[in-house]
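Participant: got a predicted structure plus its sequence, pasted below:
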Amino acid sequence: MLPAATVAGQSPTSHRAAESSPSGPAHCAVLCAPTISLMPGVLRSHLARGPVVRSTATGVEQRLPETTSFQVLATVAARTAVPRLSLYGSVQWLPNVSATRNPFTLYTASDLGDPVLANAPTVAAGASVALLRPSETGGWADLAANIGDLFSHAARPTDRRDYTHKLDLGLIGHFHVFDWAPPSTYVHRTSLYALLDYVATGLAQSGDEVPLGRVFVTDARPLALMIGLALPLTPADR
């Protein structure tokens, strides 16, 4: 089972720029100008132990291990006229995750003589609510709660499409560890982030046979953690 893709919400740079202006946070009629960020990081899946699966051929049960993968997020976020509420969209990519077979040709890694990369991107969109703003933490951190739709690889035996919609929940915190740099520099706008993600629907449940020949004894464990850098791509005044 592949790690669930994750969602990144509000851009920290937009809130910091708005709160640092002399007039306070900017007000928008509907949506403020969007910000774009690139967020490379390390994804740790199956937190709190992975699910137990059973081979239908041998009857042997095993617990799927936690996995660590490199992931890249490209996010677009825009504050709204509603205080603390933002809208976001993101594309997630796991460039190095391997699979047992190509899902389209069905040739296995053994057939091909090389690993099969399960590197198709996934997409997410939703809303983000700021729980803590930088002004409430002395400028060093912020925290937001996300709720959105994750459009990612099918994971249930009843799925009839390659990709399915899933309810995705998350907590994301930015830590402005480069705040010491001059405000005019790019480094000042860069931050560390930690994203705790939970895919609430659409994953394998106890009794599901995914893929054929492997039965889930316990439900999938959809909790994942991602840690990395948030690199803003839009101007500092957004």
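Facilitator: Looks like it arrived, so ask away.
Participant: give me the number of residues near the closest residue to F178 other than its chain neighbours?
Facilitator: Distances taken as Cβ to Cβ, 6 or more residues apart in numbering place V187 nearest to F178, at 4.9 Å, with adjacent residues excluded. For the C-beta atoms, the positions are set from N, CA and C on the backbone; glycine is no exception. The number of residues packed around V187, counting by other Cβ atoms under 10 Å, is 10.
Participant: can you verify V187 is assigned to a strand?
Facilitator: No: membership of V187 in a strand is not supported by DSSP: H, G, I helix; E, B strand; the rest coil, which gives helix.
Participant: surely it and D179 touch.
Facilitator: No: counting by Cβ atoms under 8 Å, V187 stays clear of D179, with 9.7 Å between them.
Participant: so how far is P235 from the residue nearest to F178?
Facilitator: 16 Å (Cβ to Cβ, to the nearest Å).
Participant: these two touch, right, F175 and G139?
Facilitator: No: F175 is not in contact with G139 according to Cβ under 8 Å; the separation is 10.9 Å.
Participant: neighbour count: these two, which is higher?
Facilitator: In this comparison of F175 against G139, neighbours counted by other Cβ under 10 Å, the higher total goes to F175 at 17 against 14.
Participant: residue contacts, the more buried one?
Facilitator: When contacts are counted by Cβ atoms under 8 Å, 6 or more residues apart in numbering, F175 touches W140, A141, S191, L192, Y193, A194.
Participant: just the buried ones from the residues you listed?
Facilitator: A residue is treated as buried here by neighbour count (16 or more other Cβ atoms under 10 Å); on that basis the buried members of the contacts of F175 are A141, S191, L192, Y193.
Participant: so the first one bridges to which residues?
Facilitator: According to DSSP bridges, the residues that bridge with A141 are F175.
Participant: remind me which residues of the chain are low pLDDT?
Facilitator: For the chain, the stretches with pLDDT under 70 are 1-26, 103, 106.
Participant: all strands for it, in order.
Facilitator: Defined through DSSP state E, the strands belonging to the chain, from first to last, are 35-44, 52-55, 61-63, 68-79, 85-93, 98-99, 116-117, 122-132, 141-153, 163-175, 191-199, 214-216, 223-232.
Participant: can you list the ones you listed in a markdown table and add distance to S110?
Facilitator: Compiled in a markdown table, the strands of the chain are given as follows (distance: least, Cβ to Cβ, whole Å):
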| stretch | distance to S110 |
| --- | --- |
| strand 35-44 | 26 |
| strand 52-55 | 17 |
| strand 61-63 | 20 |
| strand 68-79 | 22 |
| strand 85-93 | 26 |
| strand 98-99 | 12 |
| strand 116-117 | 10 |
| strand 122-132 | 27 |
| strand 141-153 | 22 |
| strand 163-175 | 27 |
| strand 191-199 | 30 |
| strand 214-216 | 17 |
| strand 223-232 | 29 |
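Participant: closest one to Q205 among the ones you listed?
Facilitator: When the strands of the chain are ranked by distance to Q205, counting by Cβ to Cβ, first place goes to strand 214-216 at 6.6 Å.
Participant: list the helices and strands the closest one packs on?
Facilitator: Using 3 or more Cβ pairs under 8 Å, 6 or more residues apart in numbering; DSSP states H and E as the contact criterion, the neighbours of strand 214-216 among helices and strands are strand 52-55.
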